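Chemist: would you be able to build a 3D model of this:
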Amino acid sequence: MPADESIRIRLHQRLVELLDPELADAMMESMPPTPWDQLATKTDLAAIDLRFDRLDATITAQGERLDATIAAQGERLDATIAAQGERLDAMYAARGERFEAKLDRVESRLAVRYMETTRMIVFAMMTLFVGTVAAMVAMVG
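Modeler: Residues are numbered from 1 along each chain as shown. Model prediction:
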């Protein structure tokens, strides 16, 4: 048992001897279990409350600044993403236009080839027809 507690017990026993047990108990209950200089006062608690209030205000202000910083960075990121999107749109539009131009040139070349092929087929058929007619005339005549 610590010396402080043993002294408290001896003091209680002596008070019981000098006074009645009820008064001894009341007197012991009114004494703090620790030294008086270790007890917190209302002023101490008020000072702690004030420090917590200041800390809370500081944390709140830091949180607001952090929120503002994050919001600003988010806006910059949104603007960057939007600009990148516009550049990609422009790039794809330009590529689409170039693709369409190439496709038009290919279609033009195919149309020319188709007309040339059609002319050759018509000419070949006409030659075959004329040859067939000539052969028939020669056989008849």
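
Chemist: how far out from the middle of the chain is the top helix by length along the chain?
Modeler: The single longest helix within the chain, with elements called by DSSP state H, is helix 42-140. With Cα atoms, centre = their mean, to the nearest Å as the basis, helix 42-140 stands 25 Å off its chain's centre.

Chemist: what about that helix, average pLDDT?
Modeler: Mean pLDDT, computed over helix 42-140, is 95.

Chemist: could you chop this protein up by domain?
Modeler: Domain segmentation of the chain under automatic domain parsing yields 1-39, 50-140.

Chemist: can I get those in CSV with mean neighbour count?
Modeler: Yep, even glycine has a C-beta here, placed from its N, CA and C like the rest. Formatted as CSV, the domains of the chain follow (neighbours: other Cβ atoms under 10 Å):
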stretch, mean neighbour count
domain 1-39, 11
domain 50-140, 10
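
Chemist: how close does residue 102 sit to residue 115?
Modeler: Residue 102 sits 21 Å away from residue 115, taking Cβ to Cβ, to the nearest Å as the criterion.

Chemist: what of residue 52?
Modeler: 92 Å.

Chemist: how about residue 106?
Modeler: 15 Å.

Chemist: and what of residue 64?
Modeler: 76 Å.

Chemist: repeat that for residue 21.
Modeler: 129 Å.

Chemist: contacting residues around the residue nearest to residue 24 when sequence neighbours are not counted?
Modeler: What sits nearest to residue 24 in space, not counting adjacent residues and going by Cβ to Cβ, 6 or more residues apart in numbering, is residue 15, at 3.7 Å. For residue 15, the contact set (Cβ atoms under 8 Å, 6 or more residues apart in numbering) comprises 23-24, 27-28.

Chemist: quick check, nearest of the residues you listed to residue 88?
Modeler: Compare each of the contacts of residue 15 with residue 88 using Cβ to Cβ and the shortest gap goes to residue 28, at 83.6 Å.

Chemist: which helix or strand contains residue 28?
Modeler: Applying DSSP states H and E as the criterion places residue 28 in helix 21-29.

Chemist: ok, and what's touching that helix?
Modeler: 8, 11-12, 15-16, 18-19.

Chemist: noted, bye for now.
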